[in-house]
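**Q** Sharing a model prediction with you, sequence too.
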Amino acid sequence: MDKKIILGKEINTDENAALEIKELAKHFGCFGTIGSGKTVTCKVMIEELAMQGVPGIIIDPKGDLSSMAQLASPEELSDFGVDPAILEKFRKNVEVVIWTPGSKKGIPLSISPLKFDDLDPLSEDEKRTYYNDVAITMLSLMNYDIESDGAKSSVIVLSELFNYCINNGKPIHDVDHIIENLVKLPKEISKEISHISNAEKINKLILRLRLLNKGTNNQLFNVGYPLDIDMLLGTDRDNGKTRLSIVYLNTITNHAGKEFFISLLAQKLYHWAKKNPKDKDQSLKCSFFIDEVHPFLPPVKKPICKEYLLRCVKEFRGYGISCILATQNIAGVDYHAFGNIGTSNFGKFNAKQDIDKIKHILESRKNNIIMDVVSMVPSLKTGEFLLVSSTGDDLIHYKVRGLVTSHYILTVDDVSKLTTRETRKMIKEEAGTRSESPDPVEKPTGDEVIEDPEIVSIFACVCDK
């Protein structure tokens with residue numbers, strides 16, 4: 001019998017509002033205005049999945065998802081009518097780790113894409129795709145216009161360099177290694193790229209790479225444990241607990257950096273999925289949740305992470321990875337993402353453009369389902385939702401259950417307090433089984449802002465060309 005998760009109680013019957021886990025392999029979209037309760041609903045789903053043994057990677061853009069690291073108080077459980085037995089089950093079976101890119105406030109996470117030590121299971125074509133993805137994400141962080149000819153040629157240069165160095169046992173662990181190889185470009189690479197690049201373009205690429213090693217970007221690259229999907233999911237843990245890894249994005253101070261991180265994570269997760277196909281009797285391997293996804297999947301603009309997120313939504317169905325996407329801006333998400341979401345969960349909406357978008361999302365459903373949803377969403381109360389699953393045409397009107405974890409916005413200092421010595425020790429020991437050095441990467445970070453007028457002027461000139 002397939003396992004189920006319980007989201008709450010049906011309004012009219014008081015029966016459990018249940019969803020089979022296997023349905024979530026076709027992804028889950030949760031939509032509602034501010035205050036509708038969509039974030040709480042997704043947190044309930046993550047709690048339920050974790051208690052059923054499904055680990056999760058959670059992107060926290062605001063800081064309210066990280067509060068899952070703290071259990072709800074008895075008073076909170078009582079106020080929301082939550083059975084204390086659920087909290088005890090969560091406490092016994094789930095561990096929550098907060099990761100902080102480029103910061104030691106939580107578990108520090110380095111988001112350098114230059115990790116090439118786990119590619120052996122991939123085919124040559126898959127390795128080429130990986131090198132290409134890494135090159136594109138790096139160029140995006142260096143302010144290249146990815147669609148320009150200059151960027152396209154630089155992608156080829158870096159991809160060829162990665163391929164050559166890996167095949168010849170030459171390490172590329174950081175940006176300095178790339179620069180060293182570009183300054184003394186191997187003859188084989190020079191010949192390979194002679195038709196698409198030249199010394200001037202390569203020198204500009206070297207300059208941007210050197211500037212990438214300055215300030216905040218340097219800190220993101222060089223502080224923390226390397227981004228590793230198995231580590232985030234706790235796949236090698238034998239303590240009987242399911243890991244929820246929450247990435248606290250507020251330690252990345254600019255939106256471009258957040259886009260870069262999400263694109264890198266999506267790439268890593270995609271290639272991890274290719275190497276780790278799900279077992280025949282396994283419904284889900286893990287969940288991947290992004291709250292307020294609209295800035296990263298807009299309908300017109302093309303942030304660097306958009307292509308990779310769309311690839312995840314389209315292809316993860318076959319790998320047992322559930323994408324859980326939530327947004328208040330239903331009209332601000334690319335329709336290609338909605339086309340691959342099997343189960344939709346609607347909270348309160350009033351605006352005509354949002355209602356029209358709901359019709360579009362449900363266009364393949366029976367007409368009576370569409371009409372019922374459209375007529376009901378304006379009058380829904382906080383915490384009430386309309387669930388349309390991937391396998392049926394039934395509409396479930398339910399009230400979401402209360403959380404067994406806390407729900408408030410965390411500051412970086414809150415994150416520090418919730419990240420215990422035991423958690424830090426656990427991650428260090430686990431990292432030690434994956435590397436000769438269990439300590440997180442910590443090179444000199446150059447946290448200073450670039451203030452040298454000459455460097456700023458050169459950088460501005462290069463970026464304009």
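**A** Arrived safely.
**Q** any idea where the strands of the stretch 301-450 of the chain begin and end?
**A** 321-327, 343-346, 384-388, 395-400, 441-442 (DSSP state E, counting those that start in this stretch).
**Q** ditto for the stretch 101-250 of the chain
**A** Under DSSP E, counting those that start in this stretch, the stretch 101-250 of the chain gives strands at 107-110, 223-226, 242-248.
**Q** Any idea how many residues pack against the residue nearest to His271 when sequence neighbours are not counted?
**A** Distances taken as CB to CB, 6 or more residues apart in numbering put Tyr130 closest to His271, at 5.8 Å, once the chain neighbours are dropped. For glycine as for every other residue, the C-beta is placed from the backbone atoms N, C-alpha and C. Applying other CB atoms under 10 Å, we find 24 residues neighbouring Tyr130.
**Q** mind listing what the closest residue to Ile166 other than its chain neighbours touches?
**A** Spatial nearest neighbour of Ile166, chain neighbours left out: Phe116 (5.3 Å); criterion: CB to CB, 6+ apart. The contact partners of Phe116, taken as CB atoms under 8 Å, 6 or more residues apart in numbering, are Phe162, Ile166, Ile172.
**Q** Now do the contacts for Val82.
**A** Val82 neighbours (CB under 8 Å, 6+ apart): Ala72, Glu76, Arg401, Gly402, Leu403, Val404.
**Q** what's the neighbour count on the last one?
**A** Translated: Val404. 27.
**Q** Asp79 and His407: what is the separation?
**A** For Asp79, the distance to His407 equals 12 Å [CB to CB, to the nearest Å].
**Q** Who has more neighbours out of the two?
**A** The neighbour count for Asp79 versus His407, taken as other CB under 10 Å, is higher for His407 (17 against 11).
**Q** so what's the more buried one up against?
**A** Thr39, Val40, Lys43, Asp64, Ser67.
**Q** May I have the phi/psi pair for it?
**A** phi -140, psi 90 (degrees, to the nearest 10).
**Q** Just the buried ones among the contacts of His407, please.
**A** Buried residues within those, counting neighbours by 16 or more other CB atoms under 10 Å: Thr39, Val40, Lys43, Asp64, Ser67.
**Q** Centroid-wise, who is the farthest residue in the protein?
**A** Among the C-alpha atoms of the chain, the one most distant from their mean position (CA atoms, centre = their mean) is that of Lys187, at 38.5 Å.
**Q** measure that one to Ser194 for me?
**A** In terms of CB to CB, Lys187 sits 11 Å off from Ser194.
**Q** Surely Pro298 and Val333 touch.
**A** Yes: using CB atoms under 8 Å, Pro298 makes contact with Val333 at a distance of 7.3 Å.
**Q** Same drill for the two, tell me which one is more crowded.
**A** The neighbour comparison of Pro298 against Val333 (other CB under 10 Å) goes to Val333, with 23 against 15.
**Q** Next up, the contacts around the more buried one.
**A** Going by CB under 8 Å, 6+ apart, the list of residues near Val333 reads Val293, His294, Leu297, Pro298, Pro299, Leu325, Thr327.
**Q** Need the pLDDT of the last one.
**A** Thr327 carries a pLDDT score of 94 in this model.
**Q** how deep is the nearest residue in space to it that is not next to it in sequence tucked in, by neighbour count?
**A** In space, and not counting its chain neighbours, Thr327 is closest to His294: 4.6 Å by CB to CB, 6+ apart. Neighbourhood size, His294 [other CB under 10 Å]: 19.
**Q** Report the secondary structure element holding His294.
**A** Counting by DSSP states H and E, there is no helix or strand that carries His294.
**Q** How about the contacts made by it?
**A** Going by CB under 8 Å, 6+ apart, the list of residues near His294 reads Thr327, Gln328, Asn329, Gly332, Val333.
**Q** The first one bridge partners, please.
**A** Listed by DSSP bridges, the beta-bridge partners for Thr327 are Phe31.
**Q** Relative to Lys191, how far out is it?
**A** Counting by CB to CB - Thr327 and Lys191 are separated by 48 Å.
**Q** higher neighbour count, these two?
**A** A direct count of neighbours by other CB under 10 Å for Thr327 and Lys191 places Thr327 higher, at 22 against 10.
**Q** Go ahead and confirm the more buried one touches Phe296.
**A** No: if you go by CB under 8 Å, Thr327 and Phe296 don't touch, sitting 9.9 Å apart.
**Q** Span of stretch 70-84 from start to end?
**A** Start-to-end span of stretch 70-84 (CA to CA, to the nearest Å) is 15 Å.
**Q** quick one: that stretch to chain centroid distance?
**A** Averaging C-alpha positions (CA atoms, centre = their mean, to the nearest Å) puts stretch 70-84 29 Å from its chain's average.
**Q** And it, what's buried?
**A** Gln70, Leu71, Ala72, Glu76, Leu77, Phe80, Val82.
**Q** swap in stretch 196-205?
**A** Ser197, Lys201, Ile202, Lys204, Leu205.
**Q** Columns pLDDT and distance to Ala17 on top of these, output as TSV?
**A** Shown next, in TSV, are the buried residues of stretch 196-205 (pLDDT from 0 to 100; distance: CB to CB, whole Å):
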residue	pLDDT	distance to Ala17
Ser197	83	57
Lys201	86	58
Ile202	88	59
Lys204	88	57
Leu205	89	54
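**Q** Tell me which of the residues you listed fall in helices.
**A** Counting by DSSP state H, those place Lys201, Ile202, Lys204, Leu205 in helices.
**Q** about what we covered before: can you tell me which of the buried residues of stretch 70-84 lies closest to Val96?
**A** Gln70 (8.5 Å; CB to CB).
**Q** For that closest one, which residues are in contact?
**A** Contacts of Gln70 (CB under 8 Å, 6+ apart): Thr405, Ser406, Leu418.
**Q** My guess is the second one contacts Ser66. True?
**A** No: in this structure, Ser406 sits apart from Ser66 without contact. The criterion is CB under 8 Å, and the distance is 9.6 Å.
**Q** how about CSV for the strands of the stretch 101-250 of the chain, with mean neighbour count added?
**A** Below are those laid out as CSV (neighbours: other CB atoms under 10 Å):
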stretch, mean neighbour count
strand 107-110, 25
strand 223-226, 23
strand 242-248, 26
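**Q** Out of those, which is closest to Ser344?
**A** Minimum separation from Ser344 across the strands of the stretch 101-250 of the chain (CB to CB) falls at strand 242-248, 23.6 Å.
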